[in-house]
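J.: need a 3D model of the sequence below.
(chains A and B)
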Amino acid sequence: MNASYIARSGAVASRILDGEMVIMSAVDSTLFSLNEVATVVWQAADGCTPLSEIVTLRICAQFDVSPNEARADAEAFVEELARHGILLVSDRPMVGVSPHASENS
Amino acid sequence: MSLMQELNRKALRLGVPLSVHLDLTYRCNERCEHCYLDHQDLGEMTTAELQSVLQQLASAGVFFLTMSGGEPLVRQDCFELIEYARALRFNVKLKTNAILIGEREAKRLRTLGVEQIQVSVYSHRPEVHDGITKVQGSLVRTLDGIRLLRSHDLKVTIANVLMRNNFQDADGVRALAQDLGAHYSLDPTITPMIDGDRSVLRYRMPASELPGLFHNPNLVGDVESFCAPPSPVDDDVREGLPCSAGHTSCYISPYGDLYPCVQFPLPCGNVRRQSFLEIWQSSAQLAEVRSIRGKDLSTCSSCTHLGTCTRCPGLAFMEGNMRGPSIADCEKSFARTGIPSKNLEAKRASSMGPAGAQGLIQIQGVAIAPVVGTVPRAEASSART
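T.: Alright, predicted model coming up:
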């Protein structure tokens, strides 16, 4: 996996409902419902933590999943949300991109 | 089942208020003749009070937030409140007449990530629109505002309330919306004033004109589907909920009063005196609203339209009984399908005199019911219910 950093777009609405994150893009009004694992990735997308670290320290540590599987799933998830402009992806840390560092509600 | 339906179902199961309509003010820079509000400021919530309410709503799980009025932009702190709401990650929809939208305001709304802006337009003809708003030049200013919003790629819905003096202009407003790149929705609903005064109902569109409206493909899309005869009523319908009001949505006035819906003025509590969640979870009035199922409705429970009628419990409440029919919706169902509702049949029977029957559509003194058709939005999985 290339070193990549992910940050939540400011142009979305989000809310946790029953442990799962609901997101709606203000750009194209697309609605997403994230499962428990994807919710953890979303909450960790602060622009400063490498995706590889999120996979290792958050996903593999909390869920019964192999590192390879977790990495593949995380990359596919990030790619899909990035396509809709929901997640921003960069090969460098992004400072001040994600206006709401805490994303727990 | 769409993702939105799934979301609503989950919210219903969990008792989460998914959507809240929050009026920031009743003050307005227009004086629309049919408006259901008194435009005096009788003690609006302060910035701090509204911020506290927004925090409580976010904690309670509210996702869709409609900020409206009156004209919300007459509040000096309107953008501060929108920014606060967006920081709490609400999906924000703003209802405005767009008169106060300039380049700076449009840009700010885009930057803040407001998802949608709804603007009322009554006619494509200035003399008709301005005649309704009682503000000379208001159509030009409103359209200028919409153009600025669209230039910043903001999604705009033109809400076309249809009344006695403008229903002939629906096609014109529809075309105008298309030219502006805006969505279009029409609504022949005129509701009594929030204090119960029914005098504004004189502006309602004649019921005799509803069939023409509902059979116009430019306005409702697939006429065959829209005007299809009602489906057979089954147990799911009889056990079903009348609408989301009080179940997954509610309304909060500028004074903190909480109602099931903006069209359902049943006071359930006040967020200045109690927490939002306390009212949402403990209000006896909300409990009563939530207890009602299709099978509990007087008259409507045995009506063939039960499963497809747009019956509004709030309008029924304003007509005297939240479990009763909303006559305006009976008229709509009849205008769509040509099949009279149980309630209309009963009224026809009771009005039959020696000289013969009165026409069904001559029933007067009621409001016309809610939105009847909207242009589909480009949504992958976000059809709102």
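
J.: residues in contact with the spatially most central residue of chain A?
T.: Centre of chain A computed as the mean C-alpha position; nearest residue by CA atoms, centre = their mean is A:W42, 2.9 Å away. Listed by CB atoms under 8 Å, 6 or more residues apart in numbering or on different chains, the contact set of A:W42 reads A:R8, A:S14, A:M21, A:I23, A:L34, A:L87, A:E103. All C-beta spots, glycine's among them, are computed from the backbone N, C-alpha and C.

J.: for the first one, phi and psi?
T.: A:R8 adopts backbone torsions of phi -70, psi 140, taken as degrees, to the nearest 10.

J.: hang on, the earlier thing: in which helix or strand would I find the residue nearest to the centre of chain A?
T.: helix A:36-44 (DSSP states H and E).

J.: only the buried residues of that helix, if you could.
T.: Going by neighbour count (16 or more other CB atoms under 10 Å in any protein chain shown), the buried part of helix A:36-44 is A:V37, A:A38, A:T39, A:V40, A:V41, A:W42, A:Q43, A:A44.

J.: kindly report the same for stretch B:157-176.
T.: B:157-163, B:165-167, B:169-170, B:172-174, B:176.

J.: nearest to chain A, of those residues?
T.: B:T157 (11.3 Å; CB to the nearest CB).

J.: got the confidence number for the closest one?
T.: On the pLDDT scale, B:T157 is placed at 97.

J.: three-state assignment of the residue nearest to A:C48 when sequence neighbours are not counted?
T.: Using CB to CB, 6 or more residues apart in numbering or on different chains and skipping the chain neighbours, the partner closest in space to A:C48 is A:P93 (4.9 Å). Here A:P93 is coil, with the state taken from DSSP: H, G, I helix; E, B strand; the rest coil.

J.: just give me the neighbour total for A:P93.
T.: Neighbours of A:P93 under the rule other CB atoms under 10 Å in any protein chain shown: 14.

J.: so what's it up against?
T.: With CB under 8 Å, 6+ apart, A:P93 has these contacts: A:Y5, A:G47, A:C48.

J.: number of nearby residues for residue 9?
T.: No chain in the question, so chain A it is. 21.

J.: my bad, the chain I had in mind was chain B
T.: 13.

J.: kindly report the same for B:A346.
T.: Using other CB under 10 Å as the criterion, the residues surrounding B:A346 number 15.

J.: correct me, but it touches B:S302?
T.: No: assessed by CB atoms under 8 Å, B:A346 is found out of contact with B:S302, at 10.6 Å.

J.: quick check: closest non-adjacent residue to the residue in chain B positioned nearest to chain A.
T.: Taking CB to the nearest CB, chain A has its nearest neighbour within chain B at B:N91, 3.5 Å off. Of all residues not flanking B:N91 in the chain, A:A13 sits nearest, at 3.5 Å (CB to CB, 6+ apart).

J.: any idea how far the helix or strand containing the one you found is from the chain center?
T.: Per DSSP H and E, A:A13 falls inside strand A:12-17. The gap between the average C-alpha position of strand A:12-17 and the chain average comes to 13 Å, counting by CA atoms, centre = their mean, to the nearest Å.

J.: which is the next helix or strand following that strand?
T.: Using DSSP H and E, the first helix or strand after strand A:12-17 is strand A:20-25.

J.: off-centre distance for the helix or strand that that following strand is followed by?
T.: Sequence order places strand A:31-33 as the next helix or strand after strand A:20-25, per DSSP H and E. For strand A:31-33, the gap between its own C-alpha mean and the chain's C-alpha mean amounts to 13 Å (CA atoms, centre = their mean).

J.: one more: stretch B:271-291?
T.: 21 Å.

J.: do stretch B:1-14 as well
T.: 21 Å.

J.: same question, stretch B:61-69
T.: The answer for stretch B:61-69 is 13 Å, by CA atoms, centre = their mean.

J.: one more: stretch A:65-76?
T.: So, by CA atoms, centre = their mean, the centroid of stretch A:65-76 is 13 Å from its chain's centroid.

J.: repeat for stretch B:295-307
T.: With CA atoms, centre = their mean, you get 22 Å for stretch B:295-307.

J.: thinking again about what came up before, just the buried residues of stretch B:157-176 that are near chain A?
T.: Among these, no residue sits close to chain A (CB under 8 Å from any CB of the partner chain).

J.: helices - which of those land there?
T.: Among the buried residues of stretch B:157-176, the members falling in helices (DSSP state H) are B:A170, B:G172, B:V173, B:R174, B:L176.

J.: name the residues of the stretch 151-300 of chain B found near chain A, please.
T.: B:D153, B:K155.

J.: all strands of chain B, in order?
T.: B:19-23, B:64-68, B:91-96, B:116-120, B:156-161, B:183-187, B:249-252, B:257-259, B:269-270, B:373-374 (DSSP state E).

J.: and the residue in chain A that chain B sits nearest to, what pLDDT?
T.: In chain A, the residue that lies nearest chain B is A:A13 (3.5 Å; CB to the nearest CB). Each residue has a pLDDT score; the one for A:A13 is 96.

J.: tell me how many other residues surround it.
T.: For A:A13, using other CB under 10 Å, the count is 23.

J.: so where's chain A shaky on pLDDT?
T.: Low-confidence segments of chain A (pLDDT under 70): A:1-3, A:96-105.

J.: how far away is the residue nearest to the centre of chain A from A:E20?
T.: Using CB to CB, to the nearest Å, A:W42 is found at 10 Å from A:E20.

J.: need the residues touching each of the two.
T.: In contact with both A:W42 and A:E20: A:L34, using CB under 8 Å, 6+ apart.

J.: picking up where we left off before, may I have the helix holding A:W42 as CSV, with CA atoms only?
T.: Provided in CSV are the C-alpha atoms of helix A:36-44 (Å, rounded to 0.1, in the frame of the first residue of the first chain):
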residue,chain,number,x,y,z
GLU,A,36,-19.0,-0.9,11.7
VAL,A,37,-15.5,-1.3,10.2
ALA,A,38,-16.0,1.4,7.6
THR,A,39,-17.2,3.7,10.4
VAL,A,40,-13.9,3.2,12.3
VAL,A,41,-12.0,4.2,9.1
TRP,A,42,-14.2,7.2,8.6
GLN,A,43,-13.7,8.4,12.2
ALA,A,44,-10.0,8.0,12.0
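
J.: next, the angle from it to strand A:20-25.
T.: 60 degrees (axes from the mean of the first three to the mean of the last three CA atoms, to 10 degrees).

J.: next helix or strand past helix A:36-44?
T.: Toward the C-terminus from helix A:36-44 - assigned by DSSP H and E - lies strand A:46-50.

J.: after that next one, next one along is what?
T.: helix A:51-53.

J.: any idea how far whichever helix or strand comes after that next one is from the middle of the chain?
T.: Per DSSP H and E, the first helix or strand lying C-terminal to helix A:51-53 is helix A:60-62. Chain-centre distance of helix A:60-62: 15 Å, with CA atoms, centre = their mean.

J.: and for helix A:60-62, what's in contact with it?
T.: Residues contacting helix A:60-62 (CB under 8 Å, 6+ apart): A:V40, A:S66, A:P67, A:A70.

J.: keep only these that also lie close to chain B.
T.: Okay, of those, nothing touches chain B (CB under 8 Å from any CB).

J.: now which of those residues would you call buried?
T.: A:V40, A:A70.

J.: give the contact list for B:L7.
T.: B:L7 neighbours (CB under 8 Å, 6+ apart): A:L17, A:V22, A:L31, A:S33, B:L18, B:F63.

J.: typo on my end, it should be A:S14
T.: A:R8, A:M21, A:V22, A:I23, A:M24, A:W42, A:E103, B:R89.
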